[in-house]
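**Q** Sequence first, then the predicted structure:
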Protein chains: 2
Amino acid sequence: MVGKALAAKLAALGHQVTMGTRSVEKEAASAPAGINVRTFAEAAAFGETLISCTAGATSIDALRSVNRKDLTGKVLIDVSNPLVFTPGQLPTLSISNTDSLGETLQREFPELRVVKALNTCNCQVMVDPARVPGEHDLFIAGNDAAAKQQVTKLLHEFGWKSIIDLGDITGARATEQLMPFWLRVFGMYGSPDFNYRILKSPAIVRTT
Amino acid sequence: MVGKALAAKLAALGHQVTMGTRSVEKEAASAPAGINVRTFAEAAAFGETLISCTAGATSIDALRSVNRKDLTGKVLIDVSNPLVFTPGQLPTLSISNTDSLGETLQREFPELRVVKALNTCNCQVMVDPARVPGEHDLFIAGNDAAAKQQVTKLLHEFGWKSIIDLGDITGARATEQLMPFWLRVFGMYGSPDFNYRILKSPAIVRTT
């Protein structure tokens, strides 16, 4: 769902998009118009910028299935949260507190420039932030300043106005741990069309 | 710090306040005017409503030191976060993801009616939400509806306008896991005078 929402938005913005999947034939049948569906390895070879939006627990396996040379120097936007699903309970996190999925991906694939982003809201809000009226925030984290600038530019194309840089990739811990809170609010509202805004004292002059 | 800020505010609002501590003589010297400083056991015996604002890791020990009959049926507002401090790093959580301090207190002391509240902002914002301009939210969670109503009334006295009920005490997981995010934003802004607001689509009609 997340991948399809992002692919359709990117295509609508004029980007060329290839989706990677384990199940090429099955997914090709339901892919958004104009989107190529290929293996993870083919998608990684094609993309100038990569977006990881598999289920969090399988992100590493998906990336292990590609040719490492197709990762070298590329920006990878990590949109996933490492959720563990248990029937009858709210999902929990398979990695949290002292580590994060974003950090794990950066450690496992040091040739990538990982930027954690878009993992704090629903996929429809990701690609159309105006679904939630008013000013609200998106958070990014990553070790590479140029990569974060590039991702910020793309997020502006998506319609995001307020993008708060939480620093290096350890900031992924902060945003991934927002997910249990997000799930709780989602359960209460019965709708994913909400997002966060940070209000601050006028004495805080640092703009983000 | 948190206890003193809350005690001073409660006293200013006309409540009678006794602070509990391990170090009565030391703390009495720096207590806000008009606040009694006693042992945890004496404070628990005195209070109609209890507020747990010791360091998260010591909350349970503090409550174990009181007479259990002085807890029976009382509302305990759990303001603490179970932070672990390591030099040179952002604090992490000693309990998280599949459990929380709020739930632990409720399990260990079933005779209490635990309400998790005020743990998502700095103590100066807790007692003076107008330090952060605009509309922003506070979150509560607990198993007992009457206890949450009582706490909500007190929070209104503090100046809080938007109080979002996250359901039963397992909601404490959601708000305690906001702390790593809060610490990250604090580090970035260099000031604790900020807070969260949830913006939602007009189609979400449930009011909180």
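**A** Alright, I've got the coordinates.
**Q** where does chain A dip in pLDDT?
**A** Chain A contains residues with pLDDT under 70 at A:206-208.
**Q** and the residue nearest the centre of it, what are its phi and psi?
**A** When Cα atoms, centre = their mean is applied to chain A, the residue found nearest the centroid is A:Val79 (1.5 Å). Main-chain torsions, A:Val79, degrees, to the nearest 10: phi -100, psi -10.
**Q** Contact partners for it?
**A** A:Val2, A:Leu6, A:Ile51, A:Ser52, A:Cys53, A:Ala117, A:Leu118, A:Asn119, A:Met126 (Cβ atoms under 8 Å, 6 or more residues apart in numbering or on different chains). Glycine gets a C-beta too; all of them are placed from N, C-alpha and C.
**Q** ok, now A:Gln177?
**A** Counting by Cβ under 8 Å, 6+ apart, A:Gln177 has contacts A:Leu93, A:Ser96, A:Asn97, B:Ser96, B:Gln177, B:Leu178, B:Pro180, B:Phe181.
**Q** Identify those among the contacts of A:Val79 that sit within helices.
**A** Among the contacts of A:Val79, the members falling in helices (DSSP state H) are A:Val2, A:Leu6, A:Met126.
**Q** gap between the first one and A:Ala55?
**A** Right, the one you point to is A:Val2. 9 Å (Cβ to Cβ, to the nearest Å).
**Q** and if you look at the last one?
**A** Using Cβ to Cβ, one obtains 16 Å as the distance from A:Met126 to A:Ala55.
**Q** ditto for the second one
**A** Distance of A:Leu6 to A:Ala55, computed by Cβ to Cβ: 15 Å.
**Q** Compare those two (neighbour count), which wins?
**A** A:Leu6 (22 against 13; other Cβ atoms under 10 Å in any protein chain shown).
**Q** Work out for me the element A:His156 sits within.
**A** Assigned by DSSP states H and E, A:His156 falls within helix A:145-158.
**Q** which strands and helices sit next to that helix?
**A** Here helix A:145-158 touches strand A:75-78, strand A:113-116, strand A:137-142, strand A:162-165, going by 3 or more Cβ pairs under 8 Å, 6 or more residues apart in numbering or on different chains; DSSP states H and E.
**Q** can you redo the ones you listed as a markdown table with mean neighbour count and distance to chain B?
**A** Shown next, in a markdown table, are these (neighbours: other Cβ atoms under 10 Å in any protein chain shown; distance: least, Cβ to the nearest Cβ, whole Å):
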| stretch | mean neighbour count | distance to chain B |
| --- | --- | --- |
| strand A:75-78 | 26 | 17 |
| strand A:113-116 | 30 | 12 |
| strand A:137-142 | 25 | 8 |
| strand A:162-165 | 17 | 8 |
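**Q** So for B:Thr72, which of these sits nearest?
**A** Within those, the stretch nearest B:Thr72 is strand A:137-142; the backing value is 43.7 Å (Cβ to Cβ).
**Q** The closest one - contacts with which helices or strands?
**A** Partner elements for strand A:137-142 (3+ Cβ pairs under 8 Å, 6+ apart): helix A:101-108, strand A:113-116, helix A:145-158, strand A:162-165, helix A:171-176, strand A:194-200.
**Q** Output those as CSV; include the columns distance to B:Leu154.
**A** Shown next, in CSV, are the helices and strands packed on strand A:137-142 (distance: least, Cβ to Cβ, whole Å):
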stretch, distance to B:Leu154
helix A:101-108, 39
strand A:113-116, 38
helix A:145-158, 40
strand A:162-165, 32
helix A:171-176, 30
strand A:194-200, 22
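**Q** Quick one, which of those gets closest to B:Lys69.
**A** That would be, of these and by Cβ to Cβ, helix A:171-176, which comes in at 41.9 Å.
**Q** What count of nearby residues applies to A:Leu83?
**A** Residues near A:Leu83, counting by other Cβ under 10 Å: 18.
**Q** Tell me which residue of chain A is furthest from the middle?
**A** Max distance from the centre of chain A (Cα atoms, centre = their mean): A:Ala203, 31.9 Å.
**Q** ok, now how distant is that residue from chain B?
**A** Distance of A:Ala203 to chain B, computed by Cβ to the nearest Cβ, to the nearest Å: 6 Å.
**Q** now A:Cys53
**A** 21 Å.
**Q** Kindly tell me how buried A:Lys69 is, as a neighbour count.
**A** A:Lys69: 9 neighbours (other Cβ under 10 Å).
**Q** how long is stretch A:114-131 from one end to the other?
**A** The first and final residues of stretch A:114-131 sit 27 Å from each other (Cα to Cα, to the nearest Å).
**Q** Same list (the helices and strands packed on helix A:145-158) but as a markdown table, adding distance to A:Gly102.
**A** Below are the helices and strands packed on helix A:145-158 laid out as a markdown table (distance: least, Cβ to Cβ, whole Å):
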| stretch | distance to A:Gly102 |
| --- | --- |
| strand A:75-78 | 5 |
| strand A:113-116 | 4 |
| strand A:137-142 | 7 |
| strand A:162-165 | 14 |
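**Q** Surely A:Gly134 is within a helix?
**A** No: A:Gly134 sits outside any helix when classified using DSSP: H, G, I helix; E, B strand; the rest coil, being coil.
**Q** wouldn't it be in contact with A:Arg197 here?
**A** Yes: using Cβ atoms under 8 Å, A:Gly134 is in contact with A:Arg197, at 7.1 Å.
**Q** As PDB, could you dump the C-alpha coordinates of stretch A:85-101?
**A** C-alpha atoms of stretch A:85-101 as PDB (Å, rounded to 0.1, in the frame of the first residue of the first chain):
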ATOM      1  CA  PHE A  85       1.800  -7.800  14.400                       C
ATOM      2  CA  THR A  86       0.100  -9.900  17.000                       C
ATOM      3  CA  PRO A  87      -3.600 -10.700  16.600                       C
ATOM      4  CA  GLY A  88      -5.900  -8.800  19.000                       C
ATOM      5  CA  GLN A  89      -3.100  -6.400  20.100                       C
ATOM      6  CA  LEU A  90      -1.700  -3.200  18.900                       C
ATOM      7  CA  PRO A  91       1.600  -3.800  16.900                       C
ATOM      8  CA  THR A  92       4.900  -3.500  18.800                       C
ATOM      9  CA  LEU A  93       8.400  -2.800  17.500                       C
ATOM     10  CA  SER A  94      10.900  -5.400  16.700                       C
ATOM     11  CA  ILE A  95      13.700  -2.900  17.100                       C
ATOM     12  CA  SER A  96      13.400   0.100  19.400                       C
ATOM     13  CA  ASN A  97      14.800   2.200  22.300                       C
ATOM     14  CA  THR A  98      18.500   1.600  21.900                       C
ATOM     15  CA  ASP A  99      18.500   1.000  18.100                       C
ATOM     16  CA  SER A 100      16.200   1.500  15.100                       C
ATOM     17  CA  LEU A 101      15.500   0.100  11.700                       C
END
